[in-house]
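>>> Need a 3D model of the sequence below.
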Amino acid sequence: MKTSMPATELPLKLLLLGTSPSALPEALEGLGCTVLALDACHRLVQSALEPQPQALLLIPPANAPNELDDWLDALAPLAARLPGVCIAPAASSTQRRRGFELGLQVWLEAPLPAEPLLAQLQWAAWQAQRLGALQTQLDERKWTDKAKGLLMAAQDLDEASAYQLLRDAAMHAHIRLGEVSRSVVRAAQAAEAVNLAGQQRMLSQRIVKLLAQRAAGIEARRAKVLQDESCARVEANLARLASLLATTEHRHEDLLVALGKAWHRLRSLLVGKPTAAVLTQADVAADRLLDLSEQLTSAIESGGAGRPLRVVNLCGRQRMLSQRLAKEALLADLLPGHGSGQIGAGLSAFEAGLLELEAAPLSSAEIRASLAAVREEWLRLLRSLRELQGSEAAAGLARSSELLLSRLDQLTVQYQQSLQLILG
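Residues are numbered from 1 along each chain as shown. Predicted structure coming up:
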């Protein structure tokens, strides 16, 4: 079906570039245009953005072909935001191709009278508007496909059900499907970033806990395997966080750099035998990594989806506490004078966090079942602490902390992928 060009309403705001017959601006204004003439290309970007013209007309000097390149260079920062017509009989094929890439829609071999020239300018503006609408449709389709994929993976839905969820959300919120889809993708990315940054807190404590297990001879071989896996996980998380945050308004580059340095310091202490001196230094380095990870997690949460991200953050903090408790118990047994008060504070903090999660409105049948499993594992850990003393208690706590961590990992992912968060 042939598409006809709609009539363009006047007046047309026009940016006239280069040299033109003195009567041309007056003639175009007589046809209803608002004309801004500009003969110096170094002021182009500012002049184009301030009055917000709808089209441009470029007329470089016929006897200075190189000046066309100067104008094209000046157009580059506008990145095809301003459609236009160029009158340049001597333009090369390279110049024409570059001009099309920069938004010029029409190339004329000779000047035209004002009225047919205005028709060309109107066509260029309409063509750019049409292409912009097509690009918007393509962008919306891209975001919708991404959002459908996220919902299908997170909620085990088929494609039709995921699409229906998005459509229902768009109708309920009275906004376009593409906007809903973009919000879904960004909410999912924010939740993933909070989860990963929260994992760094936990891993900082788990690595030292496993180092202490090796020093105490508690399943030392398995502890080394888990320690190596944890190190690989830290590095994978740092890479993924950099990728996720690169697409957001707040990239937190300084925090990511500081995290990388803190991790490098801790990693350098993991080579060789875990002596008392190494354990002490590693604990300090891990707490530095923990503090920076806490800052990053809080910063991502504050720029995200409010209360739902708070729950993801809180659940991730419970993972950290499960590992910190075991670490403190092991270090208290291995390092004379290491503060035992940390264990009591950690127990109170974990219980308070678990109560807050149990009262949180972000819930589902699966989440409630996982919370019950976490509570059961937590009570088992507390019983082992009451029944055992000294190194035996530390060993039991180390083992229980891994089971509790597994439950909390599952729960955190469930919060991250919940419909209330993704569609919130």
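>>> which stretches of the protein have low pLDDT?
Within the chain, the ranges that satisfy pLDDT under 70 run 1-11, 40-51, 63-65, 79-81, 304-307, 339-340, 388-391, 424.
>>> Tell me where it has strands.
For the chain, the strands defined by DSSP state E cover 13-18, 34-38, 55-59, 84-87, 104-108.
>>> Tabulate those (TSV), appending distance to residue 300.
C-betas here are computed from N, CA, C, even on glycine. Below are the strands of the chain laid out as TSV (distance: least, CB to CB, whole Å):
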stretch	distance to residue 300
strand 13-18	41
strand 34-38	44
strand 55-59	41
strand 84-87	42
strand 104-108	42
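>>> Now mean neighbour count and distance to residue 319 too, for the ones you listed, in TSV please.
Listed next are the strands of the chain as TSV, based on neighbours: other CB atoms under 10 Å; distance: least, CB to CB, whole Å:
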stretch	mean neighbour count	distance to residue 319
strand 13-18	22	57
strand 34-38	17	60
strand 55-59	25	57
strand 84-87	25	57
strand 104-108	19	56
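>>> which one of those strands lies closest to residue 78?
strand 55-59 (9.0 Å; CB to CB).
>>> packing partners for that closest one?
Applying 3 or more CB pairs under 8 Å, 6 or more residues apart in numbering; DSSP states H and E, one finds that strand 55-59 contacts strand 13-18, strand 84-87, helix 114-155.
>>> Show residues contacting the first one.
It refers to strand 13-18. Here strand 13-18 makes contact (CB atoms under 8 Å, 6 or more residues apart in numbering) with 24-25, 28, 33-39, 41, 44, 47-48, 51-61, 67, 71, 82, 84, 121.
>>> Could you give the separation of that strand from the chain centroid?
Centroid separation for strand 13-18 versus its chain: 39 Å, with CA atoms, centre = their mean, to the nearest Å.
>>> hmm, back to that, of all the strands of the chain, which lies closest to residue 231?
strand 104-108 (54.1 Å).
>>> packing partners for the closest one?
Judged by 3+ CB pairs under 8 Å, 6+ apart, the packing partners of strand 104-108 are strand 84-87, helix 114-155.
>>> would a markdown table of the ones you listed with distance to residue 95 be doable?
Listed next are those as a markdown table, based on distance: least, CB to CB, whole Å:
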| stretch | distance to residue 95 |
| --- | --- |
| strand 84-87 | 9 |
| helix 114-155 | 17 |
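>>> Burial-wise, tell me which of the ones you listed comes out on top.
Ranked by mean neighbour count under mean count of other CB atoms under 10 Å, those are led by strand 84-87, which reaches a mean of 25.
>>> If you count contacts, what does that one end up packed against?
When contacts are defined as 3+ CB pairs under 8 Å, 6+ apart, strand 84-87 sits against strand 55-59, strand 104-108, helix 114-155.
>>> domain ranges for this protein?
13-130, 178-422 (automatic domain parsing).
>>> Generate a markdown table for those domains, with distance to residue 160 as supplementary columns.
Conversion of the domains of the chain to a markdown table gives the following (distance: least, CB to CB, whole Å):
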| stretch | distance to residue 160 |
| --- | --- |
| domain 13-130 | 31 |
| domain 178-422 | 15 |
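>>> nearest to residue 153, of those domains?
Counting by CB to CB, residue 153 lies closest to domain 178-422 out of the domains of the chain; the figure is 7.9 Å.
>>> picking up where we left off before, quick one, which of the domains of the chain is nearest to residue 140?
With CB to CB as the measure, domain 178-422 is the member of the domains of the chain nearest residue 140 (2.8 Å).
>>> where's that closest one relative to the chain centroid, distance-wise?
For domain 178-422, the distance to the chain centre is 21 Å (CA atoms, centre = their mean).
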